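A.B. asks: Sequence and predicted model, in that order:
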Amino acid sequence: MAQGPAPLDKVRNIWIFAHIDAGKTTTSERILFYTGRIHKIGETHDWEGTMDWMEQEKERGITITSAATTAFWKDKQINLIDTPGHVDFTIEVERSLRVLDGGIAVFDASQWVEPQSETVWKQADKYGVARIAFVNKMDKTGWDFFMTVESIKKKLAGNKVVPIQLPLGIENDFYGVVDLVQMKAFTFEGDHGEKIVEIEIPADVKEKAESMRLELMEKVAEQDDALMEKYFAEWELSVEEIKKGLRKWVVANTLYPVTCGTALQNKWVQLVIDAACDYLPSPIDVNGWMVDAMNPDNKEEIRKIPMADNSSLGALAFKIATDPFVWRITYVRVYSGTLKAGSYVFNPVSGEKERVGRLLQMHSNERIEIEEIRSGHIGAVIGLKDTKTGDTLCDMNDKFLVESMEFPEPVIHISVEPKTKADQEKMGMALNKLAEEDPSFRVSSNPETNQTIIAWMGELHLDIIVDRMKREFKVECNVGAPQVAYRETIRNVVVDAECKYSKQSWGRGQYGHVVITFEPYKEAEADDKDGIKLVNKFVNKVVWGTIPKEYIPGVEKWLNEAYGRWILAGYPMVDVKATLTFGSYHDVDSSELAFKIAASKAFRIACKKAQPVLLEPIMKVEINTPEEYMGDVLGQVNSKRGRIEEMGQRGLAKVITAYIPLSEMFGYSTELRSASQWRATYAMEFHHYDEVPANVATKIREERGFKLEEDED
């Protein structure tokens with residue numbers, strides 16, 4: 001049976017994130033056990049984890065899809081989402097971040113800050129999500145709590161980081177912590193560390209603990225004038241004052257408390273749950289207890305709606321899941337109002353009215369039926385047919401949007417074809433359902449070859465998709481060789497590229513005349529210094545009357561289509577700004593088609609003068625290797641057109657950070673293992689697009705049979 005929802009100030013909507021193998025899902029499992037949500041601990045390495053329920057997750061020992069559950073701790077309700085640690089599934093983190101209020105960042109004490117932790121931390125910065133840190137695996141050889149804290153400061157949050165615990169013992173002798181807020185020491189007893197035992201603070205760490213507590217009080221006090229005044233007067237703050245101050249500044253993203261423990265050994269996770277409940281925000285702490293409601297017809301028009309059960313309904317669909325028993329489950333966060341089973345809602349994105357069937361409280365892949373989802377809570381809906389990830393659900397009579405989500409562009413694509421005619425009939429349905437679930441997975445068709453093209457984030461992502469097609473949808477398919485998602489752009493400005501298209505025939509003729517300036521879209525660089533955002537822009541500066549306004553959309557539409565297939569090697573054109581500055585028309589012969597043709601010819605003329613170039617995706621690669629293989633690994637990086645960004649030490653291993661073109665990374669796992677006797681590992685993520693060297697660009701164009709087009713008469 002589902003327990004009734006807690007008052008909003010007692011609710012914590014949180015997610016757990018970490019780099020792969022840092023112990024994130026193991027920590028989630030302990031939280032469920034200590035809160036009484038489960039009564040037997042399932043280990044990831046034994047394929048028994050509660051939150052990793054997919055067969056692919058159990059087999060690989062990694063989290064692939066985010067899983068939601070609800071648990072209760074003391075007087076708090078915790079709506080928890082466990083997210084993947086592998087960069088290929090970053091979309092699961094992105095959409096969870098959009099609907100959650102706080103997070104627990106898990107770090108491996110022997111590895112410090114790893115690449116995916118850094119990526120997700122930056123995503124959390126973008127959404128303004130509050131965080132606490134849990135330094136895990138304190139019993140592991142080579143751990144260093146203080147180096148991990150310094151690594152968090154250096155790579156993630158600077159002086160906003162403050163430890164609130166001090167570990168006792170090292171590696172296998174790690175036996176307890178000093179709680180710096182209460183200035184008490186604790187250890188744990190029982191088969192699963194259920195019993196918290198208070199002990200005396202050991203004499204050999206007392207001075208260190210007192211010094212760290214002073215630093216903690218200073219961090220809390222310097223954010224508040226009243227606390228600062230008291231601290232300077234008495235050099236002491238009460239436990240309640242420290243907790244109140246910490247919570248205030250954690251909610252404001254001004255401080256990030258750091259805890260420690262070892263989840264696998266069942267030690268100190270209860271104190272992490274306490275910290276999450278004490279310091280992370282409730283829904284009413286975020287955005288002033290108000291929801292930003294955007295007018296669907298004018299998104300700059302925003303009004304405030306109270307985050308209350310009796311307000312107008314505003315909910316965000318943040319995840320779609322395919323279920324073999326109930327077909328389609330839509331996960332939602334209700335921001336305002338109350339979502340009720342059997343009610344009708346409006347989707348302002350699709351413009352469709354939808355009926356809410358059943359409502360569910362999820363526990364991983366288990367479902368508990370409920371009657372309503374109140375403001376500030378997370379649940380799932382059965383029965384929505386036209387709602388996609390990122391869509392808003394609102395009242396029929398009060399239509400508005402809550403802020404949607406951005407999804408990363410896939411960087412690799414391949415062709416797939418069914419093995420048999422029976423597979424062909426099922427493959428389309430399977431791909432569409434998978435694309436519904438995962439907005440970072442794209443499906444399209446190539447009209448020239450009649451092939452189905454799928455695009456994805458990485459090799460593991462593809463492996464999982466193909467495996468799911470086979471197991472869940474019973475589809476066998478052949479997969480082509482991976483292809484890099486290259487892009488094209490221009491270097492130079494071409495002012496007033498002009499084309500006057502005039503064609504006479506019996507009857508009505510065709511006439512369209514445009515003058516367009518093309519230039520690199522510098523605003524994109526301002527939006528994102530790494531050039532990750534690849535966008536185009538159309539500007540109309542024509543004085544009305546020069547070209548009738550009904551022909552302007554034709555010019556813009558054709559240019560947008562042209563950007564998708566021109567001009568060096570058939571890849572989409574990006575980062576181009578087109579400004580329509582002048583033109584003329586004929587009263588009888590002009591048409592939208594004529595202006596489309598004129599725009600296309602102006603674009604071709606301009607591209608030859610604008611010095612078009614190919615762009616390729618560049619990956620940020622972090623390689624972790626024993627020192628004796630450092631030379632071989634560096635040689636591999638250099639041979640792949642890699643640029644070394646940084647070399648350092650992490651625990652006992654050497655760490656190389658480099659930027660390497662994606663085209664050079666296929667098969668790198670095997671190469672790296674061979675060079676290091678299977679002891680080196682790497683992680684990579686998309687970082688930015690950069691210009692392809694001329695010799696490589698020539699080879700790519702030759703392979704695709706492209707030459708710069710000549711002017712058409």
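C.D. replies: Yep, it's here.

A.B. asks: switch to C-alpha atoms for all contacts and neighbour counts from now on
C.D. replies: Noted.

A.B. asks: So for residue 165, what's the nearest residue that isn't a sequence neighbour?
C.D. replies: Closest residue to residue 165 apart from its sequence neighbours, by CA to CA, 6 or more residues apart in numbering: residue 179 at 4.8 Å.

A.B. asks: In contact with the one you found, which residues?
C.D. replies: Residues in contact with residue 179, defined by CA atoms under 8 Å, 6 or more residues apart in numbering, are 164-166, 185-186.

A.B. asks: And these, which is closest to residue 9?
C.D. replies: residue 164 (23.4 Å; CA to CA).

A.B. asks: which ones are touching the closest one?
C.D. replies: 179-181, 213, 216, 257-259.

A.B. asks: From residue 26, how far out is it?
C.D. replies: Separation of residue 164 from residue 26 (CA to CA, to the nearest Å) stands at 22 Å.

A.B. asks: try residue 389
C.D. replies: Going from residue 389 to residue 26 by CA to CA gives 28 Å.

A.B. asks: out of the two, which sits in the more crowded spot?
C.D. replies: Neighbours per residue (other CA atoms under 10 Å) separate residue 389 from residue 26, with residue 26 holding more: 24 against 20.

A.B. asks: Return the distance of that one relative to residue 263.
C.D. replies: The gap separating residue 26 from residue 263 is 6 Å, by CA to CA.

A.B. asks: so residue 375 makes contact with residue 316?
C.D. replies: No: the pair residue 375 / residue 316 is not scored as a contact, 11.5 Å apart, by CA atoms under 8 Å.

A.B. asks: list residues touching both of these two?
C.D. replies: Common neighbours of residue 375 and residue 316 (criterion: CA under 8 Å, 6+ apart): 334-335.

A.B. asks: residues contacting the nearest residue to residue 158 once chain neighbours are set aside?
C.D. replies: Of all residues not flanking residue 158 in the chain, residue 152 sits nearest, at 7.4 Å (CA to CA, 6+ apart). Counting by CA under 8 Å, 6+ apart, residue 152 touches 112-113, 158, 161.

A.B. asks: any chance you could map the helices in the stretch 1-150 of the chain?
C.D. replies: Remark: helices assigned in the stretch 1-150 of the chain by DSSP state H, counting those that start in this stretch are 24-34, 55-60, 90-99, 115-127, 145-152.

A.B. asks: Out of these, which gets nearest to residue 592?
C.D. replies: Residue 592 lies closest to helix 90-99 among those, at 39.5 Å (CA to CA).

A.B. asks: And that closest one, what's buried?
C.D. replies: Under the neighbour-count criterion of 16 or more other CA atoms under 10 Å, helix 90-99 has 90-99 buried.

A.B. asks: now, the most widely separated pair of those residues?
C.D. replies: Farthest pair in the buried residues of helix 90-99 (CA to CA) is 90 and 99. Separation: 15.1 Å.

A.B. asks: For residue 127, give me its contacts.
C.D. replies: By CA under 8 Å, 6+ apart, the neighbours of residue 127 are 97-98.

A.B. asks: what about the closest residue in space to residue 200 that isn't next to it in sequence, which helix or strand?
C.D. replies: Among residues not flanking residue 200 along the chain, residue 185 sits closest, at 6.1 Å (CA to CA, 6+ apart). Taking DSSP states H and E as the criterion, residue 185 maps to strand 184-189.

A.B. asks: any idea which helix or strand comes after that strand?
C.D. replies: Past strand 184-189, the next helix or strand by DSSP H and E is strand 195-199.

A.B. asks: between that following strand and strand 184-189, how many degrees?
C.D. replies: 140 degrees (axes from the mean of the first three to the mean of the last three CA atoms, to 10 degrees).

A.B. asks: next SSE after strand 195-199?
C.D. replies: Taking DSSP H and E as the definition, the helix or strand right after strand 195-199 is helix 203-221.

A.B. asks: per-residue confidence for the residue nearest the centre of the chain?
C.D. replies: When CA atoms, centre = their mean is applied to the chain, the residue found nearest the centroid is residue 94 (2.7 Å). Looking at residue 94, its pLDDT is 80.

A.B. asks: Report the contact partners of it.
C.D. replies: 123, 407.

A.B. asks: Next: residue 421.
C.D. replies: Applying CA under 8 Å, 6+ apart to residue 421 gives no contacts.

A.B. asks: So which elements touch the longest strand anywhere in the chain?
C.D. replies: The single longest strand within the chain, with elements called by DSSP state E, is strand 612-625. Identification of packing neighbours for strand 612-625 by 3 or more CA pairs under 8 Å, 6 or more residues apart in numbering; DSSP states H and E yields strand 487-490, strand 653-661, strand 681-691.

A.B. asks: Which among those strands is found nearest to residue 621?
C.D. replies: Comparing those by CA to CA, strand 681-691 comes nearest, at 4.3 Å.

A.B. asks: mind listing what the longest strand of the chain pairs with, with the direction of each?
C.D. replies: Applying DSSP bridges, strand 612-625 is found paired with strand 487-490 (antiparallel), strand 653-661 (antiparallel), strand 681-691 (antiparallel).

A.B. asks: just checking, next helix/strand downstream of the last one?
C.D. replies: This points to strand 681-691. Where DSSP H and E defines the elements, the next helix or strand beyond strand 681-691 is helix 694-704.

A.B. asks: Give me the buried positions along that following helix.
C.D. replies: Buried positions in helix 694-704, judged by neighbour count with 16+ other CA under 10 Å: 697-698, 700-701.

A.B. asks: what would those residues look like in CSV with distance to residue 307?
C.D. replies: What follows is these, written out as CSV (distance: CA to CA, whole Å):
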residue, distance to residue 307
697, 54
698, 57
700, 54
701, 55
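
A.B. asks: would you list those in TSV and tack on pLDDT?
C.D. replies: Converted to TSV, those look like this (pLDDT from 0 to 100):
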residue	pLDDT
697	91
698	90
700	89
701	88
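
A.B. asks: Closest one of those to residue 650?
C.D. replies: residue 697 (37.2 Å).

A.B. asks: Endpoints of stretch 133-153, how far apart?
C.D. replies: From the first residue to the last, stretch 133-153 extends over 12 Å; the measure is CA to CA.

A.B. asks: List the buried residues in that stretch.
C.D. replies: Buried residues in stretch 133-153, counted by 16+ other CA under 10 Å: 133-140, 143-145, 147-153.

A.B. asks: Run the chain-centre distance for the longest strand of the chain.
C.D. replies: 19 Å (CA atoms, centre = their mean, to the nearest Å).

A.B. asks: who touches it?
C.D. replies: With CA under 8 Å, 6+ apart as the test, strand 612-625 has contacts from 115, 411, 484-491, 567-568, 633, 653-662, 676, 679-692, 697.

A.B. asks: Stretch 478-496 now?
C.D. replies: Contacts for stretch 478-496 (CA under 8 Å, 6+ apart): 410-419, 515-520, 566-568, 571-576, 581, 606-607, 609-617, 662-663.

A.B. asks: distance of residue 278 from residue 495?
C.D. replies: According to CA to CA, residue 278 and residue 495 sit 60 Å apart.

A.B. asks: Revised request: answer the last question for residue 125.
C.D. replies: Applying CA to CA to residue 125 and residue 495 gives a distance of 40 Å.

A.B. asks: which stretch among the strands paired with strand 612-625 comes nearest residue 295?
C.D. replies: Smallest distance to residue 295 across the strands paired with strand 612-625 (CA to CA): 33.2 Å, for strand 681-691.

A.B. asks: What residues sit buried inside that closest one?
C.D. replies: Residues 682-691 are the ones in strand 681-691 that count as buried (16+ other CA under 10 Å).

A.B. asks: Same question for stretch 238-256.
C.D. replies: Within stretch 238-256, the residues scored as buried using 16+ other CA under 10 Å are 241-243, 245-256.
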